[in-house]
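Got a sequence here, can you build the structure:
(one chain, ligands or ions: 1)
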Amino acid sequence: MSRNLDKTRALYRRAAETVPYGVNSHFRYWGPEDTMVMTRAEGPYMWDADGNRYIDYRLGFGPVILGHSYPAVVDRVTDAIRHGTVFAWMTPLEIEVAESLCRMTGSEMVRLSNTGTEATMHALRIARAYTGREQFIKFEGQYHGMHDYVLFSTASTPRGAVGCRRSPVPHCVSSGIPKAISQYVITLPFNDPEVLEAAVTAHWHNLAAILVEPVLGNTAGILPQAGWLETLRQLCDRYGVVLIFDEVKTGFRLAKGGAQELFGVRADLATYAKAMGNGFPISAIGGSRKIMSTLQPGGIAYGGTYVGNVAGVAAAAATLEILETEPVIETIHHRGTRLMNGLDEILSRAGIPHCMTGSPSMFSFALGTDVPPIDFRSYAETDEPLYHALVMALVERGAMPDADGREPWFLSYSHTNAVIDATLQMFEDAVLEMRR
Ligand SMILES: Cc1ncc(COP(=O)(O)O)c(C=O)c1O
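Numbering: from 1, shown residues only. Here you go, the predicted structure:
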């Protein structure tokens, strides 16, 4: 079977004339034949320029928690922007959103920004200013955005480039980042308390923060092992290090209060974005009053023309209200469990060695292994080419997770049981094709 992609490919070729690689973000490049041009999205679906419909499991890399073009969000935004879009002053809506964020996440104070990148950049700066130290720890396979400090040992790093487990090498994933920046980052394997403790003990004098995605949201959604997040908390308390949870993917998705609520471990600062705005550009940093209060004019630089822009803030106000008052998270959890179990069963029946990873609202699976991967290193041992081929066969049939298994499948409130059943049928067909 094959889709007609004539218009999509023609548009892509046109894009590539004026936009490098025909995309505005590298993560959207699937090669010259398979990079998509989409024209419409609604609920769980997305349509390409040829009118092919896909059940969307990328959901813009996670933000679309309620479903595409969710009417209550779209209405709230359109009503709000009729009365202005940026004021360079505080608005009542920003106060409403700040109050919702504090209530839902347990933060004492919050500041808004527009993207996850801005939020993690500001959070690191706050942690450095608060502690008077300069280095930070991040974990291999984790992604925290596009600023220079964090583009080390992310999921796209070649496995061979990170050194041995007891002595990891930070691998810079981009040209153009000054070499000196690497002295500020210590990269470590996730879920390895022994290596972590050794690093904190050795570096704490100049260690401002541990910056961590509480799950490996950019490596198959791999979960923290029992005690891992608690160990981070204890070490930060012992050595006066700021614990930053990057909840850009987990926030308002794993639980209303994000990973902090789900795993029962509190961070000093947390960054939020994606699901808080159902696809509109909005992000936030939340934390204790003590640390957030270091944000003083003349003290720590913080700002941005579009911070608090009406479209993003109105989207957040509507999205957070729905998340607070409707059983969104529970419903997604329930349906995601059904989808995960169904995929698991189909792979088992087909005799394909595999492990399911992550949690039902953002999960993936690793192929070619029966041993669950626990970090970037063990995930890299799995059969990534087979995963890619299987997903491409699925996309051909009309369901679209990311072709890279490190990017989790995301579910929204609009993915009904019927949508899940249709996905499972397509998956079964795709697996059969693989076996043939
Ligand atoms: C955990 C995490 N942090 C930060 C970011 C950066 O967010 P943004 O793309 O909005 O800058 C991402 C993006 O995927 C992310 O997954």
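
does residue 72 count as helix, strand or coil?
Under DSSP: H, G, I helix; E, B strand; the rest coil, residue 72 falls in the helix class.

Just the closest residue of the stretch 101-250 of the chain to the ligand, please.
residue 116 (2.2 Å; C-beta to the nearest ligand atom). In short, each C-beta sits where N, CA and C put it, glycine included.

All the helices of this structure, residue numbers only.
Secondary structure of the chain by DSSP state H: the helices cover 6-18, 71-81, 92-105, 116-131, 193-203, 228-239, 258-263, 289-292, 310-325, 328-349, 376-379, 384-397, 417-435.

May I see these organised as TSV, with mean neighbour count, mean pLDDT and distance to residue 221 added?
Putting the helices of the chain into TSV (neighbours: other C-beta atoms under 10 Å; pLDDT from 0 to 100; distance: least, C-beta to C-beta, whole Å) gives the following:
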stretch	mean neighbour count	mean pLDDT	distance to residue 221
helix 6-18	15	98	29
helix 71-81	16	98	25
helix 92-105	18	98	20
helix 116-131	24	98	16
helix 193-203	15	98	21
helix 228-239	18	98	15
helix 258-263	22	98	11
helix 289-292	15	96	28
helix 310-325	22	98	20
helix 328-349	17	98	10
helix 376-379	24	97	10
helix 384-397	18	97	14
helix 417-435	16	96	17
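
For the stretch 251-400 of the chain, what lies in contact range of the ligand?
Taking C-beta under 6 Å from any ligand atom as the contact definition, the stretch 251-400 of the chain meets the ligand at residue 273.

burial measure for the residue in the stretch 251-400 of the chain that the ligand sits nearest to, as a count.
Per C-beta to the nearest ligand atom, residue 273 is where the stretch 251-400 of the chain lies closest to the ligand, at 4.9 Å. A count of neighbours around residue 273, defined by other C-beta atoms under 10 Å, yields 29.

try residue 88
Neighbours of residue 88 (other C-beta under 10 Å): 7.

Pull the contacting residues for it.
Shown in contact with residue 88 (C-beta atoms under 8 Å, 6 or more residues apart in numbering): residue 305.

confidence score at it?
Residue 88 is assigned a predicted lDDT (pLDDT) of 96.

next one: phi and psi at it?
For residue 88, the backbone dihedrals are phi 50, psi 30 (criterion: degrees, to the nearest 10).

measure the nearest residue to residue 389 once chain neighbours are set aside to residue 397 for me?
Spatial nearest neighbour of residue 389, excluding adjacent residues (C-beta to C-beta, 6 or more residues apart in numbering): residue 434 at 6.6 Å. According to C-beta to C-beta, to the nearest Å, residue 434 and residue 397 sit 12 Å apart.

cool, residue 191 as well?
35 Å.

related to what we said a few turns ago, quick one: the residue nearest to residue 389 and the ligand, what's the gap?
Using C-beta to the nearest ligand atom, to the nearest Å, residue 434 is found at 29 Å from the ligand.

OK, contacts around that residue?
For residue 434, the contacting residues are 350, 352, 386, 389-390, 393, by C-beta under 8 Å, 6+ apart.

and what of residue 183?
Residue 183 makes contact with residue 135, according to C-beta under 8 Å, 6+ apart.

Residue 65 is in contact with the residue of the stretch 251-400 of the chain closest to the ligand, correct?
No. Judged on C-beta atoms under 8 Å, residue 273 makes no contact with residue 65 at a distance of 11.6 Å.

Sweet, I'm off.
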